[in-house]
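Trainee: Next one to model:
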Amino acid sequence: MSNKIRQEMNRIEIPKELSERSKMGVSKAKSQMQKPKRKWSYIIGPVIAASLILGIFGPKFFTNTPPDTPVIRTLEYSHAFDVSDARRLVGWADNVFIGKVIEQVGTKSKDVIPETQFKVEVTQNIKGDFNGTVIVNQQGGYKEKELILVENDQLLEDGQSYLFVTKHLIEENWNTLVPVYGDIKINNDEEKQKITEKYEQAYKEEIPFKYNQN
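Mentor: Model (predicted):
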């Protein structure tokens, strides 16, 4: 690694609330980006920061037109709470609802990875009061000849129904889903009933997320 790159990496500011293991993500970022495995030790922030320094990504590379045979890359992700606990997940979310994906409407990068937007028709609210159609944002998408997936969470499918767990982003007026646990595919009425009952109960027992916890 050149002295210039090393100096730039040393200037990366890591938020105080991140663990020491998260800080290690900066120095290991380049190698971790190549590993298609699920691991919760590193948050995505340091990985992205190092990618900026190394010039791995650039806005011009993001595309709405998928390549015929994309190379799939998986990014690791970490959360500040146990997202597998539906009560905590619902407590963190602004909206939990069932909806049908109408179509993809865009791709944009808020950081350095693509994020893909979909128009979704809301069919049932569990938490919140959405009506009609909303824009659901999913982290991941196409970059040149690559398909970048966060935690191997496959991109939403047109015409498919899901249970969505989302957080609203005011400046973009879209609703970002939680990778893997925030886009649960619904294949039939029986699955819909079971998922609805589970998350309605989770809403009754929700555990609100508290920011800036030590």
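Trainee: Domain boundaries for the chain, per the record?
Mentor: Here the domain parsing of the chain from automatic domain parsing is 3-56, 86-204.
Trainee: can you tell me which residues contact residue 108?
Mentor: Each residue near residue 108 by Cβ atoms under 8 Å, 6 or more residues apart in numbering is listed here: 62, 114, 115, 117, 172. The C-beta positions use only the backbone N, C-alpha and C, and glycine is treated the same way.
Trainee: and it, what are its phi and psi?
Mentor: phi -150, psi 150 (degrees, to the nearest 10).
Trainee: How are the strands of the protein distributed by residue range?
Mentor: Secondary structure of the chain (DSSP state E): strands at 62-63, 71-75, 95-108, 115-127, 133-143, 146-150, 161-169, 174-177, 183-186.
Trainee: ok, and the closest non-adjacent residue to residue 71?
Mentor: Spatial nearest neighbour of residue 71, chain neighbours left out: residue 146 (4.9 Å); criterion: Cβ to Cβ, 6 or more residues apart in numbering.
Trainee: Actually, residue 205.
Mentor: Using Cβ to Cβ, 6+ apart, the closest residue to residue 205 is residue 87 (4.9 Å).
Trainee: tally of neighbours for the one you found?
Mentor: For residue 87, the number of neighbouring residues by other Cβ atoms under 10 Å comes to 17.
Trainee: Cross-check the contact I'm expecting between it and residue 200.
Mentor: No. Using Cβ atoms under 8 Å, residue 87 is not in contact with residue 200, being 11.8 Å away.
Trainee: just to revisit the earlier point, how about the strands of the chain in JSON lines, adding mean pLDDT?
Mentor: As requested, the strands of the chain are arranged in JSON lines below (pLDDT from 0 to 100):
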{"stretch": "strand 62-63", "mean pLDDT": "48"}
{"stretch": "strand 71-75", "mean pLDDT": "87"}
{"stretch": "strand 95-108", "mean pLDDT": "96"}
{"stretch": "strand 115-127", "mean pLDDT": "97"}
{"stretch": "strand 133-143", "mean pLDDT": "94"}
{"stretch": "strand 146-150", "mean pLDDT": "91"}
{"stretch": "strand 161-169", "mean pLDDT": "97"}
{"stretch": "strand 174-177", "mean pLDDT": "96"}
{"stretch": "strand 183-186", "mean pLDDT": "97"}
